[in-house]
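Give me a model of this one.
(one chain, ligands or ions: 1)
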Amino acid sequence: MTGPHACPDATVVVHPTRQALADAAAARLVVALVDALAVREVAHVSMTGGSMGSEIVRSLVALPARDAVDWGRVHVWWGDERYLPAGDPDRNDTQNDAAGLSTLCLDPANVHRVPGPDATGSAEEAAATYAHTVRSTGTGAFDVMVLGVGPDGHIASLFPHHPAAGTQGEIAVAVHDSPKPPPDRVSLTLECLERSREVWFLVSGADKADAVRRGVQGSPFAETPAAHVRGQERTLWLVDHDAAADLG
Ligand SMILES: O=C(O)[C@H](O)[C@@H](O)[C@H](O)[C@H](O)COP(=O)(O)O
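Got it, this is the predicted structure:
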């Protein structure tokens, strides 16, 4: 592992392999949750979809230290969700469950899933419902916001040059015509993503190297939404060696 690349208000930590990245991020999440629960009654973590979103879950459930977390006091959220029926294999929560999330002793009432077309009439209604849940659960801030990053620099379902990406004054937004299938999604907005003590970008693979460079070194929001999400206390780019290739 090479040393961290310090950069303005974010820290880059490079891991030798994808597996090392997933394992270290899982261990980091256990510590973050244990620490949060030491000072607050409950902790809030927002998970992500995509391959790394499930990879960290697989590592988490395999970690003996997972038992140090009082999972009954942990609230789980998703930064975005594909607008598909509950249980659909292409949903982020379904994929996270399949990776082992459902084996943690979470309180189902604290696992906040974005409603799909089986429970709402539109992605807009689903976004409004999810936003109400965020407001009513009283989470002043997510303790950890885990985000994957696309090769185009998207995070959650906030895509470059997409009209929904710049939504302001809202907690969640419906996304249509997503460049990454499926086309219809619900995403937390940029300002909601930033209601996080810590933001962690989890990025693996050479195909992400340019997005990591733009995210770390700066790029207009319209081109690289990932470059504009910061945690209130800490922002980490947790990457593997291949994804760090363009950082110099
Ligand atoms: O709904 C989704 O697809 C995810 O929420 C998305 O934001 C994902 O995290 C990135 O596209 C990275 O995905 P990979 O880690 O698979 O590249």
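
Next, the contact list for residue 44, please.
74-75, 77, 137, 139, 141-144 (Cβ atoms under 8 Å, 6 or more residues apart in numbering). Bear in mind the C-beta positions are built from the backbone N, C-alpha and C, glycine included.

oh sorry, the question was meant for residue 207
Contacts for residue 207 (Cβ under 8 Å, 6+ apart) come out as residue 151.

lowest confidence element among the helices and strands of the protein?
Within the chain, no helix or strand scores below strand 5-7, which has a mean of 44 by mean pLDDT, DSSP states H and E.

what's the spacing between the helix or strand following that strand and its chain's center?
Scanning forward in sequence from strand 5-7 by DSSP states H and E, the next helix or strand is strand 10-15. Here the centre of strand 10-15 is set off from its chain's centre by 16 Å, with Cα atoms, centre = their mean, to the nearest Å.

swap in stretch 206-225?
Chain-centre distance of stretch 206-225: 16 Å, with Cα atoms, centre = their mean.

what's the answer for stretch 29-42, then?
That offset, for stretch 29-42, works out to 18 Å (Cα atoms, centre = their mean).

Scan this structure for its longest helix.
Counting residues, the longest helix found in the chain (DSSP state H) is helix 18-39.

Against which helices or strands is that one packed?
Packing contacts for helix 18-39, counted by 3 or more Cβ pairs under 8 Å, 6 or more residues apart in numbering; DSSP states H and E, involve strand 10-15, strand 43-47, helix 50-61, strand 142-148, strand 196-203, strand 234-240.

can these go into TSV with extra columns for distance to the ligand and mean pLDDT?
As requested, these are arranged in TSV below (distance: least, Cβ to the nearest ligand atom, whole Å; pLDDT from 0 to 100):
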stretch	distance to the ligand	mean pLDDT
strand 10-15	14	97
strand 43-47	9	98
helix 50-61	2	97
strand 142-148	2	98
strand 196-203	7	98
strand 234-240	11	98
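
Distance to residue 225 for the ones you listed - can I get that in TSV?
TSV is the format used below for those (distance: least, Cβ to Cβ, whole Å):
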stretch	distance to residue 225
strand 10-15	14
strand 43-47	16
helix 50-61	15
strand 142-148	10
strand 196-203	11
strand 234-240	14
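
For residue 165, which of those is the nearest?
With distances scored as Cβ to Cβ, the stretch of those nearest to residue 165 is strand 142-148 (13.7 Å).

any idea how far residue 184 is from residue 168?
When distance is defined by Cβ to Cβ, to the nearest Å, residue 168 is 21 Å away from residue 184.

Ignore what I typed, I meant residue 18.
29 Å.

now swap in residue 163 and tell me
Computed with Cβ to Cβ, the distance linking residue 163 and residue 184 is 14 Å.

for the residue lying closest to residue 53 once chain neighbours are set aside, what are its contacts?
Leaving aside its sequence neighbours, residue 53 sits nearest to residue 148 (Cβ to Cβ, 6 or more residues apart in numbering; 5.4 Å). Listed by Cβ under 8 Å, 6+ apart, the contact partners of residue 148 are 48-53, 155, 201-203.

now swap in residue 151 and tell me
So residue 151 contacts 207-208, 210-211 (Cβ under 8 Å, 6+ apart).

which one of the residues you listed is nearest the ligand?
Closest to the ligand out of the contacts of residue 151 is residue 208 (6.8 Å), distances taken as Cβ to the nearest ligand atom.

pLDDT score for that closest one?
At residue 208, the model reports a pLDDT of 98.

Ok, residue 8 next?
Each residue has a pLDDT score; the one for residue 8 is 53.

Might one say that residue 197 is in contact with residue 234?
Yes - using Cβ atoms under 8 Å, residue 197 is in contact with residue 234, at 7.1 Å.
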